[in-house]
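Chemist: Generate coordinates for the sequence data below:
(chains A and B)
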Amino acid sequence: MTTRESKDDRIALLQGTLDLLILKTLVLGPCHGQGVARSIQRQSEEVFFVDHGSLYLALQRLEDKKWIRANWGVSENNRKARFYSLTPKGREHLVEKTSEWRRLARAMGLILDSGMGPSGEEA
Amino acid sequence: MFHRKRSTEDFAEEIKAHLELEADDLKHQGLSEDEARRKARCEFGNVSVAQERFYIKDRWVWLDRLLRDLRFGLHSMRQSPGFAITAILTLALGMGANTAVFSVMNAVLLRALPVKDPQQLVYLRTSGDPRGIGTIDTHETFSCAVYDALRQQKRGLSPVMAYVPLSGSKVAVRFGPEPEEATGDMVSGDFFSGLGVKIARGRGFTEQDEASHAPIAVISYDYWTQRFSRNPDVLGKTFYVNSVPLTIVGVSAQGFQGLESGSSTDFWIPLQGRVELNAWGNPPEDGKIYIANPKWWCLGLIGRLAPGVSKAQATAALQSAFQTAAYDGIGAPQPGERKPILSLTEAKGFRGYDAEYGKPLKMLMAMVGLVLLIALSNVVMLVMARNATRQREFSMRLALGAGRWDLFQLLLTESLLLVAAGGALAWLFATYATKAMGAWAQIHSSLAPDTTVLLFTLAVLAFAAVLFGLAPLRAAIAGGAELAVKPLATISKTDVGTTKVGKVIVALQMALCVVLLVGAALLTRTLRNLKNTPLGFPTQGLVVFGVKPDIHSVPEGVAFYQELMSKLRVLPGVEAVSIMQERIGSGSSDNSDMTVDGKPPDVANGTSRTVRSNVVGPDFFHTLGVPVLAGRDFTDADTATAPHVGIINEEFAKRFLPNRNPLGHHIGPSGVNYQMTIVGVVKDHKYRSIEETPIPMAWYMYDQIPVIGQMSVEMRVRGEPLAILPTVQKVVAQMDPNLVLIQPTTQRAQYDSTISQQVLFARLSEFFGLLAILLVATGLYGTMAYRVNMRTAEIGVRMAVGARRGQVVWMVLRDSLLLTAIGVVLGIPLAILVGEALASSLYGVKPLDVLTYLLAVVGVAMVALAASAVPAGRAASVDPMTALHTD
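Modeler: Here you go, the predicted model:
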């Protein structure tokens, strides 16, 4: 599969991060796929670009893992949509992964911020 | 993965909803309806890709791919039918031969008795017999007294069951007016319950049936099938065995063929107490049948170990009871006599099969194993050579993004196709071959391939499939994606590795072929030697059959045989007729020590005094055509009232009456009060079997001894011997409508039956040798043709710079001869090992027979030359101009 090249400065999501972001979005309450995508994009201040095909596959994957569950419902503007909500199991997983990510991000930050700056900073 | 939670329609619906929601959002931001829709779609990306990804995610992707690969595999097979057919046939032959031999070995050596908990069943064995008793088998048969004593014990073994055939061969039975033959055993009342053999229909026996000698029978499932087409009305039917009426009360479970080695039992009856149904069909001895005769050890015994008891414990528990019972009715052991010792041996397989067929079968298995190796390596070479020509295709696939795993999957699928087709053919082939082998070796147990055989075959096939998938993989990947754009000439260079592997395989195949050819040649020469071994008389025109008249006294019996012989002698085309008690060439004989002039003959220390004897009628040696060297043949004048006369062979005279005129001396069996005067000396000839070496022999006149029973009739006729049988049957039926000709055959066939195992062994190894040659030839041809193909350009250059055609031919031939030479050098030491292993199966030929080895080497060389002739010819006909322009 060829990778999608985005012309803007949005970053394609790393594998595995999408799952976490979806779970995080759903903490706030049930939401449909489009809402999740929009929410991720907005919350990341439009830095993250969500490939919608991947998003729906990820939703399906999470559903299969019983971290989220889905029901057809009606949106605020009266559209039929599939609403996803977090299961207790999903909540547990989110807590676990979040702390993992925090540690990772801290470690990365420590290394990247120490001493030399990246060579291509000016570019 | 198996049950899909969501349909693709549902997923499509969700995406539709997404697009609408997105468009709504965008409209809120001030875009027009159309623009909002377009942008929503654009933002989403490729909808159909998302749907496809969803579809793939939940499917058996590999199944989809498998189907695709299968279609492609079938397609590419159709494109090269020559390759496909050769590979499939090679596999079918190699695998089929393996499956067939394995299924025979499985049935004969590995499969357990079709009974309950066979590991608890043990055959009873004895180290020997008390002195002065008669026995069927020194180690395997017991007297009724021993049977009674051991079953009373209830310790160690419970129960102990006896079984004994009604005849040494087949017994005459009659259901309607026509007499026929069948095999029957007398058994204990708890035979079926003790063995745990189920009764398919009706009932089995009870101990009460044994005690009352109930005239009932259980028939085997096979007999029920063959004789009665599984007619349920068979229960309650009455049939006659030696004119005794018996009623069928049951049919035993499928798969149980009785305990007799070498033949399946058609029916069982409880142990009987009648003269007509004596054990082994013998006439009563001193008026006593087996039940009352402590001097005749004729019963086979099998027991079930009591729960928690080991073989050693059971043996210990029964030993003293056995040793006491052994002398029951025959007096105390003589001074210095060693008492027989009881032992137990596992009864998991069929009695006797192991000894009889074990070694040959293992050797055959080794041979077909080699054939399989050759076959598999051939297919490997074929697959590699074929896939080498697909280099471009593979490179293209790699270039288009296929991974190694994808290539392997493709190759594996194609290999699976080959293996499945070859395997199916092999199974078919094996089923027929097994039947043919069973018929040939006269193994009556079911040899049909069972689950074990199927698993064995599947395991080998699975191995083959992976092998054929992996073999071409390295070469396929090695090319890499770049090759897709390179010209063909460059590609040919990358195949050096492939040909090198091919050469190594061919050399190894040659080595295996030498081994197989040497083995086959040794066995074939053994068979030729056996077939050409002189019997001591001409067998052309000799026909033999058995009769068991319903007689109640010796004079009655003598009268019967006199009448029979005189009636047969006057039939047109008959030259001579006589009778004999032991059928010659049947593998069995009467053996006993004899006295000469009232005392044991003087023999050199350690030499045996055993004499093989037979009871025969007048004109016996004239009928056989055995030269009488001194004195005379038996005549009609040697009646019961005339002086008792006997005839001996040269070996008897040489060993027990050296340097004397044997005529006039008195001889007799030791321990029995019967003396006869030697009136004739005949030339040594074969008695039991073709292989036997000369042994002292003596003949009694049938009407002068106090016993008479079943006899075999020997007839010398003009023309086709078997053609006389219908007429003979009529004559016999006139005398007694119950009588049947027992195992009628030519005398030659009778002797040949003693080497049937060697015949089978030799024929099969010949077949495997030929198969090996054929496979090696195809393999070599393939390799050579491929090499010539690859070197077309090189050959063209050589010819362009002046190489003669002869040189080119030699270049190819030299290659294959070199491979052959390497194969021979590797193969000969292996062949020597095999020859040594075969030593005990050889007759008249040494394991290191130089001629045999020469033949094998010449054979392999001829095959090598023949297989490379065509490629060499093709190389010679290369046109330099065309060759250099190719590509």
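Chemist: Only C-alpha atoms from now on, for both contacts and neighbour counts.
Modeler: Will do.
Chemist: where does the most centrally placed residue in chain A land in three-state SS?
Modeler: Compute the mean C-alpha point of chain A, and by CA atoms, centre = their mean the closest residue is residue A:21, 2.7 Å away. At residue A:21, secondary structure determined by DSSP: H, G, I helix; E, B strand; the rest coil is helix.
Chemist: neighbours of residue B:634, just the number please.
Modeler: Residues within reach of residue B:634, counting by other CA atoms under 10 Å in any protein chain shown, total 23.
Chemist: Not counting sequence-adjacent ones, nearest residue to it?
Modeler: residue B:618 (4.6 Å; CA to CA, 6 or more residues apart in numbering or on different chains).
Chemist: residue contacts, that neighbour?
Modeler: B:578-579, B:633-636, B:638, B:701 (CA atoms under 8 Å, 6 or more residues apart in numbering or on different chains).
Chemist: One more pass at 6 Å, please.
Modeler: Applying CA atoms under 6 Å, 6 or more residues apart in numbering or on different chains, we find residue B:618 in contact with B:634-636.
Chemist: Tell me the confidence at it?
Modeler: The score at residue B:618 is 95. That number is its pLDDT.
Chemist: just residue B:784 next, same as before
Modeler: Looking at residue B:784, the pLDDT reads 81.
Chemist: Look up how far residue A:58 lies from the closest residue to chain A within chain B.
Modeler: Chain A sits closest to residue B:50 of chain B, with a gap of 4.5 Å, by CA to the nearest CA. Note on residue B:50: its distance to residue A:58, by CA to CA, to the nearest Å, is 11 Å.
Chemist: neighbour-wise, which of the two wins?
Modeler: Counted by other CA under 10 Å, residue B:50 and residue A:58 do not tie: residue B:50 has more neighbours, with 22 against 17.
Chemist: In what element of secondary structure is that one found?
Modeler: Counting by DSSP states H and E, the element that carries residue B:50 is helix B:47-58.
Chemist: Report the rounded mean pLDDT for whatever helix or strand comes next after that helix.
Modeler: From helix B:47-58 onward toward the C-terminus, using DSSP H and E, the following helix or strand is helix B:61-79. Helix B:61-79 carries an average pLDDT of 76.
Chemist: Columns distance to residue B:163 and pLDDT on top of the contacts of residue B:618, output as TSV?
Modeler: Output for these, formatted as TSV (distance: CA to CA, whole Å; pLDDT from 0 to 100):
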residue	distance to residue B:163	pLDDT
B:634	38	96
B:635	40	94
B:636	40	92
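Chemist: need those residues in a markdown table with secondary structure, can you?
Modeler: Shown next, in a markdown table, are the contacts of residue B:618 (three-state DSSP):
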| residue | secondary structure |
| --- | --- |
| B:634 | coil |
| B:635 | coil |
| B:636 | coil |
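Chemist: for the residues you listed, which one is nearest residue B:127?
Modeler: If you rank the contacts of residue B:618 by distance to residue B:127 using CA to CA, residue B:634 comes first, at 39.3 Å.
Chemist: Now do that closest one against residue B:860, distance only.
Modeler: 57 Å.
Chemist: How about residue B:788?
Modeler: Counting by CA to CA, the separation of residue B:788 from residue B:860 is 21 Å.
Chemist: that older thread, need the three-state assignment for the residue nearest to residue B:634.
Modeler: coil.
Chemist: do residue B:217 as well
Modeler: Secondary structure, three-state DSSP: residue B:217 is strand.
Chemist: From residue B:170, how far out is it?
Modeler: 16 Å.
Chemist: neighbour-wise, which of the two wins?
Modeler: residue B:217 (27 against 20).
Chemist: How about that one: which residues does it bridge to?
Modeler: Counting by DSSP bridges, residue B:217 forms beta bridges with residue B:248.
Chemist: Need the pLDDT of it.
Modeler: If you check residue B:217, the pLDDT there is 94.
Chemist: Pretty sure residue B:266 is one of the things it touches, is it not?
Modeler: No. Residue B:217 is not in contact with residue B:266 according to CA atoms under 6 Å; the separation is 10.1 Å.
Chemist: and the residue of chain A found nearest chain B, how many neighbours does it have?
Modeler: Per CA to the nearest CA, residue A:53 is where chain A lies closest to chain B, at 4.5 Å. Residues lying near residue A:53 (other CA under 10 Å) number 20.
Chemist: pLDDT weak spots in chain A?
Modeler: Scanning chain A for pLDDT under 70 picks out A:1-16, A:115-123.
Chemist: Let's see that with 90 instead.
Modeler: A:1-25, A:27-29, A:32-67, A:70-81, A:93-94, A:96-123 (pLDDT under 90).
Chemist: interface residues of it facing chain B?
Modeler: A:34, A:52-53, A:81 (CA under 6 Å from any CA of the partner chain).
Chemist: now, the most widely separated pair of the residues you listed?
Modeler: Most distant of those, by CA to CA, are A:53 and A:81, 16.4 Å apart.
Chemist: Packing partners of whichever helix in chain A runs longest?
Modeler: For chain A, the helix with the greatest residue count under DSSP state H is helix A:88-113. The criterion is 3 or more CA pairs under 6 Å, 6 or more residues apart in numbering or on different chains; DSSP states H and E, and there are no helices or strands that helix A:88-113 contacts.
Chemist: can you pull the buried residues of it?
Modeler: Within helix A:88-113, the residues scored as buried using 16 or more other CA atoms under 10 Å in any protein chain shown are A:90-91, A:94.
Chemist: With stretch B:793-804 instead?
Modeler: Here stretch B:793-804 shows B:793, B:795-799 as buried, counting by 16+ other CA under 10 Å.
Chemist: Sitting in helices, which of those residues do you find?
Modeler: Counting by DSSP H, the part of these found in helices is B:793, B:795-799.
Chemist: Could you export those as JSON lines, including pLDDT?
Modeler: Below are those laid out as JSON lines (pLDDT from 0 to 100):
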{"residue": "B:793", "pLDDT": "80"}
{"residue": "B:795", "pLDDT": "83"}
{"residue": "B:796", "pLDDT": "84"}
{"residue": "B:797", "pLDDT": "84"}
{"residue": "B:798", "pLDDT": "84"}
{"residue": "B:799", "pLDDT": "83"}
